[in-house]
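[1] Provide a 3D model corresponding to the input given below.
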Amino acid sequence: MSGNHALVFGASGINGWAITNAILEGYPDEKTFSKVTALTNRPLSRGTAQWPASEKLQIVSGLDLLTSKGQEGLEAEMKESIRGIETVTHVYFFAYIMNPDPEKEISINVNLLDRAVKAVDHLAPNLKFVILPTGTKAYGVHLLDKFPFTPPLAESLDRIPEPYASQMFYYNQIDYLASASKGKNWKYAEVIPDMVVGFVPNNNIYCLAQTLATYLSLYAAVEGKGAECAFPGNEKSWVIKSNDSSQDLVAKFAIYASLHPEITHGERYNVADNAVPNSWSNKWPIICEYFGLKGTPPPAGSSGPQPGKYIEDHISEWKRLEVEMGLQTGRVGNERSFGGFQYFIMTMFDFDRDLDMSKAHKAWGSSKEETDVRGAWWKAFDRFRRAKIIP
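    This is a model prediction of the structure:
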């Protein structure tokens with residue numbers, strides 16, 4: 001064993017889960033990591049998480065990075081609760097707290113990162129690398145009609161213009177790592193996925209695969225196998241080009257980047273399933289096929305049923321499915337089922353935002369992996385099915 005110890009912040013989220021899973025499945029090989037510690041906010045068992053059984057795994061829940069006990073209190077808690085904290089070599093920081101006020105969001109998330117990095121730096125003398133994920137908001141995709149760039153989106157692009165740049169916490173986090181790493185033995189890199197496709201063991205409002213999995217499972221049960229299911233976006237969003245980012249590909253590239261600091265230190269990398277962009281017009285029929293449905297374009301000048309509204313209108317049928325199929329409960333019809341995210345991704349994103357993958361693929365070299373719609377979406381649906389979240 002190499003002795004490498006991965007510490008994953010936000011391990012129950014879509015990307016943190018995948019980092020943990022990839023290491024436990026032996027990526028890049030069985031000997032690279034001897035231990036992985038998964039930090040989760042809410043309690044999580046290995047069985048619920050669907051992670052492989054492994055002596056390498058340690059799950060620690062309830063660690064509060066923003067504890068009122070301050071930095072010393074946090075470090076004392078980490079020494080007490082994380083077995084082998086002094087052996088940590090690689091940090092994968094996927095913790096995030098959303099706040100609608102940009103100024104507060106920046107302050108909170110920079111503070112999260114600062115406390116985590118300082119604590120590990122103090123407690124783990126052999127720290128080698130920190131991975132930070134951002135996303136295509138760094139390119140301004142969330143600005144919609146004010147989107148400032150012409151795709152393909154390359155890492156060499158400037159930051160988005162003001163006043164928006166000062167409202168983007170990603171930049172503050174990256175600037176923090178650039179400063180904090182000076183004079184240290186550890187290095188860092190930024191990974192930039194677009195819409196991440198994957199499984200989460202706990203409810204997650206930003207997991208589109210979970211939204212569509214529950215919606216299309218219910219739609220097939222109500223309307224019948226073989227029924228047509230119209231795309232819930234519009235005619236413009238139906239054809240725009242983008243690159244999905246499978247959680248497995250994001251995880252594998254992040255791990256690879258963390259193991260090759262001579263190439264990746266201080267760099268930023270787009271991470272996506274394929275160098276060739278895709279569109280909903282190709283993806284939607286394949287997604288629906290998994291559930292025995294026929295995915296069709298949106299009606300002219302309109303859109304198909306909205307998943308959140310459809311589930312709300314058929315909540316009794318979903319509850320019946322939960323009982324009949326022995327499914328987990330609490331996945332729909334609550335504050336952690338956020339239809340607004342799905343609408344944003346599938347309707348409001350009605351412009352091309354495809355990524356330039358050349359830099360990441362060059363860095364990845366002969367280890368490069370790609371996947372397709374089935375490899376990303378169907379694998380996520382299989383995982384939700386195994387977890388008894390969908391029938």
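[2] what's in contact with the lowest-mean-pLDDT helix or strand in the chain?
    The least trusted helix or strand in the chain, going by mean pLDDT, DSSP states H and E, turns out to be helix 339-343, with a mean of 82. Helix 339-343 is contacted from outside by 205-206, 208, 211-212, 232, 306-309, using Cβ atoms under 8 Å, 6 or more residues apart in numbering. Where C-beta positions appear, they are placed from N, C-alpha and C, glycine not excepted.
[3] just checking, next helix/strand downstream of that helix?
    For helix 339-343, the following helix or strand on the C-terminal side (DSSP states H and E) is helix 358-364.
[4] buried residues of that following helix, list them for me.
    Residues 359-361, 363-364 are the ones in helix 358-364 that count as buried (16 or more other Cβ atoms under 10 Å).
[5] export stretch 91-108 as PDB, just CAs?
    Extracted as PDB, the C-alpha positions of stretch 91-108 are listed here (Å, rounded to 0.1, in the frame of the first residue of the first chain):
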ATOM      1  CA  VAL A  91      -8.100  16.400   0.200                       C
ATOM      2  CA  TYR A  92     -11.100  16.400  -2.100                       C
ATOM      3  CA  PHE A  93     -13.200  19.400  -1.000                       C
ATOM      4  CA  PHE A  94     -16.800  19.000  -2.100                       C
ATOM      5  CA  ALA A  95     -18.500  20.900   0.700                       C
ATOM      6  CA  TYR A  96     -20.800  23.800  -0.200                       C
ATOM      7  CA  ILE A  97     -23.400  25.900   1.500                       C
ATOM      8  CA  MET A  98     -25.800  27.800  -0.700                       C
ATOM      9  CA  ASN A  99     -26.900  31.300   0.100                       C
ATOM     10  CA  PRO A 100     -28.900  33.600  -2.200                       C
ATOM     11  CA  ASP A 101     -26.900  36.600  -1.000                       C
ATOM     12  CA  PRO A 102     -23.700  36.500  -3.100                       C
ATOM     13  CA  GLU A 103     -21.700  38.400  -0.400                       C
ATOM     14  CA  LYS A 104     -22.800  35.900   2.200                       C
ATOM     15  CA  GLU A 105     -22.300  32.900  -0.100                       C
ATOM     16  CA  ILE A 106     -18.700  34.000  -0.700                       C
ATOM     17  CA  SER A 107     -18.000  34.600   2.900                       C
ATOM     18  CA  ILE A 108     -19.400  31.200   4.000                       C
END
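[6] so what touches that stretch?
    Everything outside stretch 91-108 that qualifies as a contact, by Cβ under 8 Å, 6+ apart, is 6-11, 13, 15-16, 19, 39, 65-66, 109, 112-113, 116-117, 120, 127, 129-133, 166-169, 172, 254-255, 258.
[7] farthest pair in the buried residues of helix 358-364?
    Spatially, the most separated pair among the buried residues of helix 358-364 is Lys359 and Trp364, at 9.6 Å (Cβ to Cβ).
[8] surely Ala18 meets Pro201?
    No: the pair Ala18 / Pro201 is not scored as a contact, 11.3 Å apart, by Cβ atoms under 8 Å.
[9] between the two, tell me which one has more neighbours.
    Remark: of Ala18 and Pro201, Ala18 carries more neighbours, 27 against 24, as counted by other Cβ atoms under 10 Å.
[10] filter the contacts of stretch 91-108 to the buried ones?
    6-11, 13, 15-16, 19, 39, 65, 109, 112-113, 116-117, 120, 127, 129-133, 168-169, 254-255, 258.
[11] returning to that earlier point: can you check the contacts of helix 339-343 and name whichever has the most neighbours?
    Sorting those by how many neighbours each has (other Cβ under 10 Å) puts Leu212 first, at 26 neighbours.
[12] helix or strand: which one has that one?
    helix 208-223.
[13] which residues are in contact with that helix?
    Here helix 208-223 makes contact (Cβ under 8 Å, 6+ apart) with 195, 197-200, 203-204, 227, 229, 287-288, 290-293, 305, 307-308, 310-311, 314, 317-318, 321, 331-332, 337, 339, 341-342, 345-346, 377, 380-381, 384, 389-391.
[14] again, only using 7 Å
    195, 197-200, 204, 229, 287-288, 291-293, 307, 310-311, 314, 317-318, 321, 331-332, 341-342, 345, 377, 380-381, 384, 390-391 (Cβ atoms under 7 Å, 6 or more residues apart in numbering).
[15] quick one, what contacts Arg386?
    Gln50.
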